[in-house]
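K.L.:
Dropping a prediction and its sequence here:
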Amino acid sequence: MKDLTIGIDIGGTNTKYGIVDRAGQVVYQGSIKTTQYEEFRDYFKGLSLALREAIGKVPGEHRILGIGVGAANGNYYKGTIERATNLPWKGIIPLADMLKEEFNIPSIITNDANAAAVGEMVYGSAKGMKDFIVITLGTGLGSGFVANGQLLNGKHGIAGEVGHTSVNPAGRFCNCGKRGCLETYVSATGIRRTVYKLLADHLEDSELRGISFDNLSTKMITEAAVRGDIVALAAFEYTGRILGMKLAETVVHTDPEAIFLFGGLSLAGDLIFKPTIRHMEANLMPLFRGKVKVLPSGLQNQAAPILGASSLVWNFLDNMPVAQVSPISTPHIVQG
């Protein structure tokens with residue numbers, strides 16, 4: 001009988017889910033629209049139905065050992081999603097308890113960046129590492145810290161919010177209510193804001209002129225930079241400088257072996273990695289120089305969020321006594 005886990009990635013637009021084996025093979029995956037449900041109870045019914053259908057389509061004998069969820073503002077200790085600004089439902093949502101009650105198996109939730117960090121440790125390029133950081137560069141900037149082989153959750157389950165450390169207290173407005181947060185500069189949204197500032201401040205020709213803010217994408221900026229567009233290149237240099245400087249500050253807290261960059265902005269390759277590494281090294285405390293690697297995530301594919309979420313279950317089971325593991329067979333889940 002094959003042991004499997006379920007991974008769920010709850011995004012502001014879509015919720016992706018998949019069934020994953022121990023080797024990181026996604027045996028089934030699907031998605032539902034997060035935004036189509038105004039009420040959370042309706043969303044949960046839709047998600048539960050989708051999961052049951054997915055389980056029923058997996059061939060052969062198998063057991064589902066647990067469910068892992070990555071979501072913005074996911075609280076590991078409470079099993080809740082708390083006041084996530086990118087989701088349509090407000091307040092505190094006890095999702096882990098609801099999934100446990102619905103499927104009668106362990107359910108673990110954490111924020112999406114922490115899920116990415118555990119995924120990197122279980123399936124990705126951090127296998128064998130005990131100390132590393134994952135920086136997720138999507139619409140915002142998330143971060144997950146692993147120290148001495150353990151994910152750092154903090155007292156309140158919300159440790160490691162590097163994206164909301166300050167670059168400039170009087171800087172850009174952030175959705176969190178502060179100004180000048182790192183993610184307002186270093187993220188898909190941040191680099192778009194940088195491009196528009198550069199276009200306003202400079203008169204050079206750029207293929208990015210005339211593209212509306214809503215239509216401008218990281219892919220467009222990357223492609224323009226590859227073609228030598230001066231504004232696009234300046235935007236990556238500026239973004240890498242800020243990220244490198246903040247990583248230099250971050251390194252002194254946990255002394256990581258490596259920092260992994262994950263997500264859309266990291267796919268720009270050397271355009272973002274070279275200035276980031278250069279400015280990190282220039283601003284590091286001398287004791288750390290040349291010792292911390294900045295690397296691309298080993299999970300750069302469409303299933304990465306699912307793998308990250310599912311890895312929460314394997315990590316949970318690996319750290320608990322075998323006698324306490326109570327997997328549920330597929331027939332029970334499908335008919336429950």
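P.N.:
Arrived safely.
K.L.:
When you work out contacts or count neighbours from here on, use the C-alpha atoms and nothing else.
P.N.:
OK.
K.L.:
how many neighbours does the spatially closest residue to P169 that is not a sequence neighbour have?
P.N.:
Leaving aside its sequence neighbours, P169 sits nearest to G180 (C-alpha to C-alpha, 6 or more residues apart in numbering; 5.1 Å). By other C-alpha atoms under 10 Å, 18 other residues sit near G180.
K.L.:
before we move on, what about F103?
P.N.:
Around F103 there are 20 residues (other C-alpha under 10 Å).
K.L.:
can you tell me how far it sits from P59?
P.N.:
Separation of F103 from P59 (C-alpha to C-alpha, to the nearest Å): 19 Å.
K.L.:
mind listing the strands in the stretch 201-336 of the chain by residue range?
P.N.:
Assigned by DSSP state E, counting those that start in this stretch, the strands in the stretch 201-336 of the chain fall at 258-262, 293-296, 328-329.
K.L.:
Quick check: which of those is buried the most?
P.N.:
Neighbour counts (mean count of other C-alpha atoms under 10 Å) averaged over each of these peak at strand 258-262, with a mean of 24.
K.L.:
any idea of the mean pLDDT in it?
P.N.:
Averaged over strand 258-262, pLDDT sits at 96.
K.L.:
How about the contacts made by D131?
P.N.:
By C-alpha atoms under 8 Å, 6 or more residues apart in numbering, the contact set of D131 is F145, V146, A147, N148, G149, T254, D255, P256, E257, A258.
K.L.:
If we use 7 Å, what do you get?
P.N.:
D131 is in contact with V146, A147, N148, G149, P256, E257, counting by C-alpha atoms under 7 Å, 6 or more residues apart in numbering.
K.L.:
swap in C174?
P.N.:
So C174 contacts G180, C181, T184 (C-alpha under 7 Å, 6+ apart).
K.L.:
so T189 touches L137, yeah?
P.N.:
No - using C-alpha atoms under 7 Å, T189 is not in contact with L137, being 9.7 Å away.
K.L.:
re earlier: export the contacts of C174 to a markdown table and tack on distance to N14?
P.N.:
Formatted as a markdown table, the contacts of C174 follow (distance: C-alpha to C-alpha, whole Å):
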| residue | distance to N14 |
| --- | --- |
| G180 | 28 |
| C181 | 26 |
| T184 | 23 |
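K.L.:
How much space separates the residue lying closest to S310 once chain neighbours are set aside from L312?
P.N.:
For S310, ignoring the flanking residues on the chain, the nearest one in space by C-alpha to C-alpha, 6+ apart is G7 at 3.9 Å. From G7 across to L312, the span is 8 Å (C-alpha to C-alpha).
K.L.:
S217 now?
P.N.:
For S217, the distance to L312 - C-alpha to C-alpha - is 31 Å.
K.L.:
Specify which residue of the two has the higher count of neighbours.
P.N.:
L312 (30 against 15).
K.L.:
What number of residues are in the vicinity of the residue nearest to that one when sequence neighbours are not counted?
P.N.:
Spatial nearest neighbour of L312, excluding adjacent residues (C-alpha to C-alpha, 6+ apart): G68 at 5.4 Å. For G68, the neighbour count with other C-alpha under 10 Å is 28.
K.L.:
which SS state does G68 fall under?
P.N.:
strand (DSSP: H, G, I helix; E, B strand; the rest coil).
K.L.:
Is it correct that G18 falls within a helix?
P.N.:
No - per three-state DSSP, G18 lies outside any helix segment and is strand.
K.L.:
Could you list everything it pairs with in the sheet?
P.N.:
Counting by DSSP bridges, G18 is bridged to G7, Q29.
K.L.:
In contact with the residue nearest to P169, which residues?
P.N.:
S166, V167, N168, P169, A170, G171, R172, F173, C174.
K.L.:
Could you report the separation of it from L243?
P.N.:
For G180, the distance to L243 - C-alpha to C-alpha - is 13 Å.
K.L.:
swap in A84?
P.N.:
24 Å.
K.L.:
quick one: which of these two has more around it?
P.N.:
More crowded of A84 and L243, by other C-alpha under 10 Å: L243, with 25 against 18.
K.L.:
What is the burial count for the closest residue to the more buried one other than its chain neighbours?
P.N.:
With sequence-adjacent residues excluded and distances taken as C-alpha to C-alpha, 6+ apart, L243 is closest to T276, at 5.9 Å. For T276, the count of nearby residues is 26 (other C-alpha under 10 Å).
K.L.:
The one 4 residues further on now?
P.N.:
Other residues near M280 number 26, with proximity taken as other C-alpha under 10 Å.
K.L.:
Give me the mean pLDDT for the longest helix along the chain.
P.N.:
Using DSSP state H to define each element, the chain has its longest helix at helix 230-254. Helix 230-254 comes out with an average pLDDT of 97.
K.L.:
same check, this time on stretch 307-318
P.N.:
90.
K.L.:
and it, which residues are buried?
P.N.:
Within stretch 307-318, the residues that count as buried by 16 or more other C-alpha atoms under 10 Å are L307, G308, A309, S310, S311, L312, V313, W314, N315, L317.
K.L.:
Can you say which helix or strand has L4 in it?
P.N.:
strand 2-10 (DSSP states H and E).
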